[in-house]
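1. Sharing a model prediction with you, sequence too.
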Amino acid sequence: MSDKPLILNNTASPSKPVQNNTQQATVYKILLAISFVHLFNDSIQSVIPAIFPILKDNLLLTFTQVGWISFAINFTSSIIQPVIGYAADRRPTPILLPIGMCFTFAGVFILAYSDSYLLVLFSVILIGLGSATFHPEGMRVAHMAAGMRKGLSQSIFQVGGNAGQSLAPLLTRYVFVPFGQIGALGFTVVAAAGIVVQTYVARWYKSMLDSGYTFKKRAGARLMDPARRKSIRNATFILVTLVFVRSWYGAAISSYYAFYLMDAYKISIDNAQIYIFLFLASGAVGTFLGGPLADRFGRRNLIMLSMIGTAPIAIVLPFASPFWAAVLLVIGGFILLSSFSVTVVYAQMLHPGNIGTVSGLITGFAFGMGGVGSLALGSLGDVWGIGNVMIAVGFLPLLGLLALLLPGDAQLDRWSTE
């Protein structure tokens, strides 16, 4: 199979940009490559929450300080990623793909040898910068290689990231518990592999731009009806809020639920990580299957149902026995993250052509705000106790009812094609 998509019905001369990019062959080789890099990137990023119990013991950290570390990596991404995404929509820069992974390489190397709280913060900021650089351009590559299968491409791209995140508890159990903080050094190998693959992807990306590939924009955006512009702005705000809320709950589980299990049930660090893995791994499966589910039930409906369906599970979870907690985490992770890729596609349909900006808003800003939630939850954990925090966050998914205010799929389809 050729690495380049087949652009059909293209009558443009070589000196003119190709304007018709709507009919292409899906380039699975590039989609799989960028998905694997997403896995590399997010598995390295997952090192941070995975190493929390080790750092807390080694550096005698409070829950608030743990929250600041989580805040540092997430908020770095949330500040930088929308800026990079906005700039990428105006001037795509393929070389940023390997450069971002170089930041990640440096961050994980420093983390392995960090012997102070401030040095840890510096290392995770570098990792956050690497992630912020990767996501906007990575999402544009996925969109470019998708052809007509935009939903499938997002599922392939996003499942790599969620699979990488699901590795965090296993990293704690099999890497950081036996080897300690120095175990982070092994992830420089993963980062190096990411640099190699990113270089390959960047070359393909550049060749497509050189051949005249352009991203379809909404025609007449400047002349858009004010009422519709307001509706799109409100829908974008609601969508970002929903992702923000989902990130808060996800941060509560991935960063603090292990501490809850250790405190409430006296479960060891390594065994507690299995519960987090179940949640994140089932979430990765839900991410991949989210596209077909959205085709069956509708994009807006799935976004709402993924959160409302999680609510009863989240409310019951703090009171469940260890066995039933494992069952609930599997079900809850699948349901909650089934709308992950669907949310991205929905946002792209609200803002056609602005792929990098959408990435900045959805996978950057909104998820970065999850870092703010992690900081707040850590502070509350010191004051209220981690058990009370887990009870309180169980009600967050109820905010999924806000999805009722989003435009329906039929209206969204009309907006994206006009």
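-> Now that the structure is in, tell me what you want to look at.
2. count of neighbours near residue 323?
-> 8 (other C-beta atoms under 10 Å). Using the backbone N, CA and C atoms, a C-beta is placed for each residue, glycine as well.
3. next one: residue 227
-> By other C-beta under 10 Å, neighbour count at residue 227 equals 8.
4. mind starting the numbering at 51 from now?
-> Noted, 51 is the first residue going forward, which turns the last one into residue 277.
5. show me where pLDDT drops low in this structure?
-> 51-74, 265-274, 403, 406, 409, 413-421, 466-468 (pLDDT under 70).
6. Which residues belonging to the helix or strand where residue 133 lies are considered buried?
-> Assigned by DSSP states H and E, residue 133 belongs to helix 113-140. Neighbour-count burial for helix 113-140, counted by 16 or more other C-beta atoms under 10 Å, picks out 113, 115-132, 134-139.
7. likewise stretch 154-163?
-> 154, 155, 156, 157, 158, 159, 160, 161, 162.
8. Redo those as CSV? Include distance to residue 101 and secondary structure.
-> Listed next are the buried residues of stretch 154-163 as CSV, based on distance: C-beta to C-beta, whole Å; DSSP: H, G, I helix; E, B strand; the rest coil:
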residue, distance to residue 101, secondary structure
154, 15, helix
155, 17, helix
156, 17, helix
157, 12, helix
158, 10, helix
159, 14, helix
160, 13, helix
161, 8, helix
162, 10, helix
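9. what about the helices in the stretch 201-350 of the chain?
-> Assigned by DSSP state H, counting those that start in this stretch, the stretch 201-350 of the chain shows helices spanning 218-221, 227-229, 237-260, 276-301, 307-314, 319-347, 349-358.
10. Indicate which one of these is closest to residue 405.
-> helix 237-260 (12.4 Å; C-beta to C-beta).
11. other SSEs contacting that closest one?
-> In terms of contacts (3 or more C-beta pairs under 8 Å, 6 or more residues apart in numbering; DSSP states H and E), helix 237-260 is packed against helix 78-95, helix 146-163, helix 167-195.
12. Could I get the contacting residues of the residue nearest to residue 92 when sequence neighbours are not counted?
-> Using C-beta to C-beta, 6 or more residues apart in numbering and skipping residues adjacent in sequence, the residue nearest residue 92 is residue 214, 3.2 Å away. Contact partners of residue 214, counting by C-beta atoms under 8 Å, 6 or more residues apart in numbering, are 88, 89, 90, 91, 92, 93, 94, 95, 96.
13. Please give me every residue in contact with the nearest residue to the third one once chain neighbours are set aside.
-> When the adjacent residues along the chain are set aside, residue 90 lies closest to residue 244, with 4.0 Å between them (C-beta to C-beta, 6+ apart). Remark: with contacts taken as C-beta under 8 Å, 6+ apart, residue 244 is in contact with 87, 90, 91, 94, 151, 154, 155.
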